[in-house]
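# sharing a model prediction with you, sequence too.
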Number of protein chains: 2
Amino acid sequence: MATTLIDQAQQTDRRIVRTQTALAEALIALTLEREYETITIRDLAARAGLGYATFFRHYSDKDALLNDVLEVVIAAIVDLLAPSVEQADHTTTGIALFRYAQAHATLCRVLLRGRATNLVLARFGIDALRYTTHWVPLAPPGIPPEIAVHHRLTATLALLQWWLEQEMPYTPEQMGAIYYQLIIQPTLAANAE
Amino acid sequence: MATTLIDQAQQTDRRIVRTQTALAEALIALTLEREYETITIRDLAARAGLGYATFFRHYSDKDALLNDVLEVVIAAIVDLLAPSVEQADHTTTGIALFRYAQAHATLCRVLLRGRATNLVLARFGIDALRYTTHWVPLAPPGIPPEIAVHHRLTATLALLQWWLEQEMPYTPEQMGAIYYQLIIQPTLAANAE
DNA sequence: GAATTTATGATACACTCTATATCATATCTT
DNA sequence: AAGATATGATATAGAGTGTATCATAAATTC
């Protein structure tokens, strides 16, 4: 959706917008119904009310559509985690993270199902240096910085995923506190054993 | 491999053992070369030096073979994590875990690639009560027990995965200490904020 | 509003992979 | 050595992917 939005700055054929929106909504709906892997392009086209061949005029394959749909959400999550660098208030960052996930629960649920964690990790990998350099000074003595960074990312995504799959049984404020106590605090330099 | 080993107590046709071993080795080799999803049954049969149809005489699909191959490793990891219940020495358990992963690095690497985490989580889910009841009294005040359990499992598997993918840059002893400091200690009741 | 451009629908096609079936052959068990 | 059975080779049916074509519908542009 994002890559296409850029193109739409120049060409805004309403048919294109309509088709891609229909495909995006079909993917979201079907992903919430069953396993992503079991969804065929024929299913997507049918659910979107489009011809089969039309799909390939917009996306090369199923993953291309998924990436397009999730691009905005991934970027938002990455950005939400990034600023929590030297600003002391990690709990606030955590609350913001869970609030965003709550506001975009459907898309985030789609994102965090399946192997999507790797998708986010890959995205983080691109800016790895950025996060590492920011987070390194915060790692405790016994913990190698790379491990601290990796741990924060994977544990945060796993916690987010659990919360969404459990229908968000706690408030973002509670989750922010848990996030801090369980994930952030143990990776702070201040937490010298 | 395990399910079949049981059968072999009664029927031990050498051809069967040979075929299934070849398939298992082919799967392991190919999984280390490329993405599990991209491997076809034709690839497996070819790499194993077997006819295509022969595969289906032993396994219903690719996942059945994978489960068979990993059954022993999964059971071992689950057991390694289970005893760390009330025996105070979590670091020792951690060291044992990373030693086991080191000794069976290839298989563990295969296991923890892709969505295998979910596989282990599902296995844990079966005995969820067992782990929860054991671990619950260890959760700190602010942290719901279910979250503590889920966090321990996912974070431990992620840490294990990172270590294996990085070619095991630290010793099992070091990893055991990290495991305790990063994952166990923050989920102990003693760690009241 | 008319002309032009372009996206879509429908269909056909080649290709890959799965899963099953069959039968002659090779290999194992007893 | 004889009988049992696993394998190889091959054929087949079905599902899914990805591309191509052409008439039609819908958009943009003037």
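Perfect, thanks for sending it. Worth saying up front: this structure is predicted, and the values here are computed from it rather than measured.
# list the contacts for residue A:109?
Taking Cβ atoms under 8 Å, 6 or more residues apart in numbering or on different chains, we find residue A:109 in contact with A:32, A:164-165. Yep, even glycine has a C-beta here, placed from its N, CA and C like the rest.
# who in chain A is up against DNA strand C?
Residues of chain A lying near DNA strand C by Cβ under 7 Å from any atom of the strand: A:11, A:13, A:15-16, A:18-19, A:49-54, A:57-58.
# residue closest to the middle of chain A?
Among the residues of chain A, residue A:74 comes closest to the average C-alpha position under Cα atoms, centre = their mean, at 3.7 Å.
# for that one, which non-adjacent residue is closest in space?
residue A:123 (5.6 Å; Cβ to Cβ, 6 or more residues apart in numbering or on different chains).
# ditto for residue A:73
Leaving aside its sequence neighbours, residue A:73 sits nearest to residue A:107 (Cβ to Cβ, 6+ apart; 4.8 Å).
# still on that earlier bit, which among the residues of chain A next to DNA strand C count as buried?
Neighbour counting with 16 or more other Cβ atoms under 10 Å in any protein chain shown marks A:19, A:50 as buried within the residues of chain A next to DNA strand C.
# all helices of chain A, in order?
Along chain A, counting by DSSP state H, helices occupy A:2-7, A:14-33, A:41-48, A:52-56, A:62-81, A:90-103, A:105-112, A:116-126, A:128-135, A:145-165, A:172-179.
# could these go into CSV alongside mean pLDDT?
Formatted as CSV, the helices of chain A follow (pLDDT from 0 to 100):
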stretch, mean pLDDT
helix A:2-7, 39
helix A:14-33, 97
helix A:41-48, 98
helix A:52-56, 98
helix A:62-81, 90
helix A:90-103, 95
helix A:105-112, 92
helix A:116-126, 69
helix A:128-135, 59
helix A:145-165, 92
helix A:172-179, 97
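# ok, which of these comes nearest residue B:69?
Set against residue B:69 and scored by Cβ to Cβ, these come closest in helix A:116-126, at 21.5 Å.
# how much space separates residue A:164 from residue A:77?
To residue A:77, residue A:164 is 12 Å away according to Cβ to Cβ, to the nearest Å.
# surely the residue nearest to the centre of chain A and residue A:108 touch.
No. Judged on Cβ atoms under 8 Å, residue A:74 makes no contact with residue A:108 at a distance of 9.9 Å.
# before we move on, back to that, just checking: which of the residues of chain A next to DNA strand C also lie near DNA strand D?
A:11, A:13, A:15, A:52-53.
# and the two most separated of those residues?
Farthest apart among those by Cβ to Cβ are A:11 and A:52. That separation is 23.9 Å.
# just to revisit the earlier point, will you turn the ones next to DNA strand D among the residues of chain A next to DNA strand C into CSV that also has distance to residue A:82?
Below are those laid out as CSV (distance: Cβ to Cβ, whole Å):
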residue, distance to residue A:82
A:11, 33
A:13, 35
A:15, 37
A:52, 40
A:53, 40
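# near DNA strand D, which residues of chain A?
Counting by Cβ under 7 Å from any atom of the strand, the residues of chain A close to DNA strand D are A:11-15, A:40-42, A:52-53, A:56, A:60-62.
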